[in-house]
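K.L.:
The following block contains a protein sequence and its predicted model.
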Amino acid sequence: MPPIRSRRSRARCRTPPPDLIAEKQPRTPQRAGVFWVYQYAQALGITIDRATIRQVTGISERSQSDILHSNRARTCHNQEDGGPDPRGRKRTLTRSDTAAIADYLDDSTTLLDAKGALWQDLATAAGVELPSTQHFKPPGIRTLNGKAIRLACKDDEDIINADWEKVYFCDEFHFGLGPTVTKRIKRKRGSKYRYKPENVHRKKVTKKDTTAIAQAANPLKIFSIFVIIGPNYRCYIPYDAGNSNGKMNSRVYIQILSQLLDEFKRDGITLCQDVDSAHKSNAVKDWADKNGFSLITLPGVSPDFSILESMAHPIKKKVHAQRSMDSTALERFIKVFEEELNMEAILNMYQSFTIRLHSCRRANGQMTKY
């Protein structure tokens, strides 16, 4: 039987797969190959130069050094999920957008009325295309809101919204002093119960006629107080106008404003007043211009523009519900004023006041109700 001859095995040259050949940026298999080469050389106690590794993997010597120093085999876009990005969400409004808004506001040709527009209208006028975002609750696409634009402009360009928070509202309150108070009789609805003989409150004459006759026979003493409210601010100043009906005059009004001058100028406060004859008199205007007291006068027949007018009814109603004499009138008013004045409701009105004014302007004065 002829002997069995064995042939000496020869080394085979294998062509590496395409994943291990770097074309542009090293991918995860190529980065891992660099680490395995160095681990293999370290285990055998030999040295493999970087030129040889480049010949095999196609990764340059500099890129090999960067890969080893990173101590990361995976590419940046092939990492394990590390949770939310600590840098936060991507900016919806870029710095170039806020810079365009700042340039528009700084332009000398931009009218003051245009600067008072809503933030969305302001950004559109500045040539900024507001991005739209997809939302799930409620579902739909929304345009960037005004609050987000305001915060971005404040952080990037230090632009503030000179809103109504620096504007305080004022009004005069008048209360009759004496034993007579307003009685609120409870009864059922309908004319049957309104005109029953035992219901003494049924109107035989109007309240206006009754008041005129009563004042002519025995004038009622009036307690007058000047009230100012603002965000987290309330103030009351009793005054005597020197007449029987408590009607404000220019002399007394200037005395009241003098007490507020230093505080309001220090804090940059503007006082919003109604169009009373004493408020718009030339004497008051001259005094305000001379002393730098900032005033805003609301248009006539517009009580809904004044936040204080909306808060006054429950205060007046509660004060009128009980007798008040000279010695206790101020004490009672202060107690009712501090209990009934809802500061949280006032803050909510301030936040929507600018939008309400713009809505009224766009509707040509047809929307003034809260």
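P.N.:
Alright, I've got the coordinates. The structure presented is a predicted model; accordingly, all values stated were derived computationally and were not measured. Numbering: from 1, shown residues only.
K.L.:
what's the neighbour count on the closest residue to K318 other than its chain neighbours?
P.N.:
Closest residue in space to K318, ignoring its immediate chain neighbours: V336 at 4.9 Å, by C-beta to C-beta, 6 or more residues apart in numbering. Quick note: C-beta positions are derived from backbone N, CA and C, even for glycine. When neighbours are defined as other C-beta atoms under 10 Å, V336 has 19 of them.
K.L.:
Mind checking what secondary structure V336 has?
P.N.:
For V336, the secondary structure call by DSSP: H, G, I helix; E, B strand; the rest coil comes out as helix.
K.L.:
Where do the helices of the stretch 201-350 of the chain begin and end?
P.N.:
Assigned by DSSP state H, counting those that start in this stretch, the helices in the stretch 201-350 of the chain fall at 207-217, 250-267, 282-291, 307-320, 329-340, 343-362.
K.L.:
K137 is nearest to which of those?
P.N.:
Closest approach to K137 among the helices of the stretch 201-350 of the chain is made by helix 343-362 (22.5 Å; C-beta to C-beta).
K.L.:
returning to that earlier point: out of the helices of the stretch 201-350 of the chain, which comes closest to L298?
P.N.:
L298 lies closest to helix 307-320 among the helices of the stretch 201-350 of the chain, at 9.5 Å (C-beta to C-beta).
K.L.:
Packing partners of the closest one?
P.N.:
Packing partners of helix 307-320 (3 or more C-beta pairs under 8 Å, 6 or more residues apart in numbering; DSSP states H and E): strand 167-177, strand 221-230, helix 329-340, helix 343-362.
K.L.:
Let me have those in JSON lines, adding distance to R74 and mean pLDDT as columns.
P.N.:
Compiled in JSON lines, the helices and strands packed on helix 307-320 are given as follows (distance: least, C-beta to C-beta, whole Å; pLDDT from 0 to 100):
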{"stretch": "strand 167-177", "distance to R74": "58", "mean pLDDT": "85"}
{"stretch": "strand 221-230", "distance to R74": "59", "mean pLDDT": "87"}
{"stretch": "helix 329-340", "distance to R74": "66", "mean pLDDT": "83"}
{"stretch": "helix 343-362", "distance to R74": "49", "mean pLDDT": "76"}
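K.L.:
S310: which of these is closest?
P.N.:
With C-beta to C-beta, the closest approach to S310 among the helices and strands packed on helix 307-320 belongs to helix 343-362: 6.9 Å.
K.L.:
quick one: the helices in the stretch 1-150 of the chain?
P.N.:
Listed in chain order, the helices of the stretch 1-150 of the chain (DSSP H, counting those that start in this stretch) span 28-44, 50-57, 61-70, 95-106, 112-115, 119-125, 146-157.
K.L.:
Quickly, which of these bottoms out on average pLDDT?
P.N.:
The minimum mean pLDDT among those belongs to helix 112-115 (a mean of 76).
K.L.:
Show me which positions of that helix end up buried.
P.N.:
Judged by neighbour count (16 or more other C-beta atoms under 10 Å), helix 112-115 contains no buried residues.
K.L.:
on that earlier part again, who wins for proximity to P131 among the helices and strands packed on helix 307-320?
P.N.:
Closest to P131 of those, according to C-beta to C-beta: helix 343-362, at 21.7 Å.
K.L.:
other SSEs contacting that closest one?
P.N.:
If you count contacts as 3+ C-beta pairs under 8 Å, 6+ apart, helix 343-362 packs onto helix 307-320.
K.L.:
how about the helix it packs on as PDB, C-alpha atoms only?
P.N.:
The C-alpha atoms that make up helix 307-320 are tabulated as PDB, following Å, rounded to 0.1, in the frame of the first residue of the first chain:
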ATOM      1  CA  ILE A 307     -59.100  97.300  36.000                       C
ATOM      2  CA  LEU A 308     -60.200  99.100  39.100                       C
ATOM      3  CA  GLU A 309     -63.700  99.700  37.800                       C
ATOM      4  CA  SER A 310     -64.100  95.900  37.500                       C
ATOM      5  CA  MET A 311     -63.000  95.400  41.100                       C
ATOM      6  CA  ALA A 312     -64.900  98.300  42.600                       C
ATOM      7  CA  HIS A 313     -68.500  96.800  42.700                       C
ATOM      8  CA  PRO A 314     -68.100  94.200  45.500                       C
ATOM      9  CA  ILE A 315     -66.200  96.700  47.600                       C
ATOM     10  CA  LYS A 316     -68.900  99.400  47.300                       C
ATOM     11  CA  LYS A 317     -71.700  96.800  47.800                       C
ATOM     12  CA  LYS A 318     -70.200  95.600  51.000                       C
ATOM     13  CA  VAL A 319     -69.500  99.000  52.400                       C
ATOM     14  CA  HIS A 320     -73.000 100.200  51.600                       C
END
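K.L.:
That helix vs strand 167-177, what angle?
P.N.:
Relative orientation of helix 307-320 and strand 167-177, computed by axes from the mean of the first three to the mean of the last three C-alpha atoms, to 10 degrees: 20 degrees.
K.L.:
can you list the domains in the chain?
P.N.:
If you go by automatic domain parsing, the domain ranges for the chain are 18-78, 95-157, 164-185+221-362.
K.L.:
and the first one, how far from the chain's centre?
P.N.:
The chain centroid and the centroid of domain 18-78 are separated by 55 Å, computed with C-alpha atoms, centre = their mean, to the nearest Å.
K.L.:
same deal with the second one?
P.N.:
Domain 95-157 sits 14 Å away from the centroid of its parent chain (C-alpha atoms, centre = their mean).
K.L.:
I228 touches C235, doesn't it?
P.N.:
Yes: counting by C-beta atoms under 8 Å, I228 touches C235, with 4.4 Å between them.
K.L.:
Could you pull out the residues contacting both of the two?
P.N.:
Contact criterion C-beta atoms under 8 Å, 6 or more residues apart in numbering; residues shared by I228 and C235: L260.
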